[in-house]
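Colleague: Take this sequence and fold it.
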Amino acid sequence: MQKFFLIIGSLAITIALASSSALALDAPLVRTQALLKTFEGVQSAKPGQAPTDAMKKANAETYKRLDSFFDRDALTAEAIAPYKSKFAAPQLARYGELFWELIRLVAYPDALRGAKWSTKLGPQQGDLADVIVHARKEADDLETDVTFRWKHSGDNWRVYDVAFDGASLVSDYRNQFGKIIAKDGVPGLLKKLESRYNDERKKRGEAAP
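Modeller: You can find the predicted model right below:
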């Protein structure tokens, strides 16, 4: 019996430590650094060459790890939040699939590729935190600040928005999608997303699972 309580007590301490670690003040900073390191693991074939099977397999695993850093529901839902009532259930499901795959296809292979970066904590409030990444690509003489916006949900911190030099990516997509829906309706938006998805698959889709 005593051994049982010792095991339970040890488990409780472990859980408490894990929770404390996840909520530590520097946890979003550590998560950002881990995310950037994971981005560096995405492999790309040389121009004009097809990716090898080994490369595709390795990227499939890297993409899964990258997925764990992002709040998929927040990223996809917030981009159409003002227009959600215009979507039928099948359309909403299709939109979520297409937009998420586009995020992966476009962002994962190119995120800060070849850039030197440094990180610092930005504003924090409760379960929300910003981490600012200063990136410089000397070859392109490019310098920019990227803000990863994190929210603690479930068991960890996850990105719910990204801002480039202060401009929110989710807000930008929301504005774009709103204009398309106003002109061509939800079917028009889905058609454009489908077309872009197919284009990306042709161009470098083999890099994604």
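Colleague: Please enumerate the strands of this structure.
Modeller: With strands called from DSSP state E, the chain shows them at 116-125, 128-137, 142-153, 156-164, 167-168.
Colleague: Which stretches in the chain count as helices?
Modeller: 2-22, 27-39, 53-67, 72-78, 89-110, 169-204 (DSSP state H).
Colleague: Run a quick check on Val131 versus Trp117, I expect a contact.
Modeller: No - assessed by C-beta atoms under 8 Å, Val131 is found out of contact with Trp117, at 11.1 Å. Heads up, the C-betas are built off the backbone N, CA and C, glycines and all.
Colleague: neighbour count winner among these two?
Modeller: The residue with more neighbours, out of Val131 and Trp117, is Val131; 25 against 15, by other C-beta atoms under 10 Å.
Colleague: wait, what's in contact with that one?
Modeller: By C-beta atoms under 8 Å, 6 or more residues apart in numbering, the residues touching Val131 are Pro28, Leu29, Arg31, Thr32, Thr119, Lys120, Leu121, Gly122, Thr147, Phe148, Trp150.
Colleague: Is it correct that Glu78 is in contact with Arg174?
Modeller: Yes - Glu78 lies in contact with Arg174 (C-beta under 8 Å); the separation is 7.0 Å.
Colleague: Centroid-nearest residue for the chain?
Modeller: When C-alpha atoms, centre = their mean is applied to the chain, the residue found nearest the centroid is Phe70 (4.1 Å).
Colleague: Quick one: residues contacting Arg196.
Modeller: Residues in contact with Arg196, defined by C-beta under 8 Å, 6+ apart, are Leu102.
Colleague: May I have stretch 36-50 exported as PDB, CA atoms only?
Modeller: Coordinates of each C-alpha in stretch 36-50 appear next as PDB, following Å, rounded to 0.1, in the frame of the first residue of the first chain:
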ATOM      1  CA  LEU A  36      12.700  27.100 -36.300                       C
ATOM      2  CA  LYS A  37      15.100  24.100 -35.800                       C
ATOM      3  CA  THR A  38      12.500  21.800 -37.100                       C
ATOM      4  CA  PHE A  39      11.900  24.000 -40.200                       C
ATOM      5  CA  GLU A  40      15.600  23.500 -41.000                       C
ATOM      6  CA  GLY A  41      15.000  19.800 -41.300                       C
ATOM      7  CA  VAL A  42      12.700  20.100 -44.400                       C
ATOM      8  CA  GLN A  43      14.600  18.900 -47.400                       C
ATOM      9  CA  SER A  44      14.200  20.300 -50.900                       C
ATOM     10  CA  ALA A  45      15.300  18.800 -54.200                       C
ATOM     11  CA  LYS A  46      17.600  20.800 -56.400                       C
ATOM     12  CA  PRO A  47      15.900  22.800 -59.200                       C
ATOM     13  CA  GLY A  48      14.900  20.600 -62.000                       C
ATOM     14  CA  GLN A  49      15.300  17.400 -60.000                       C
ATOM     15  CA  ALA A  50      12.500  15.300 -58.400                       C
END
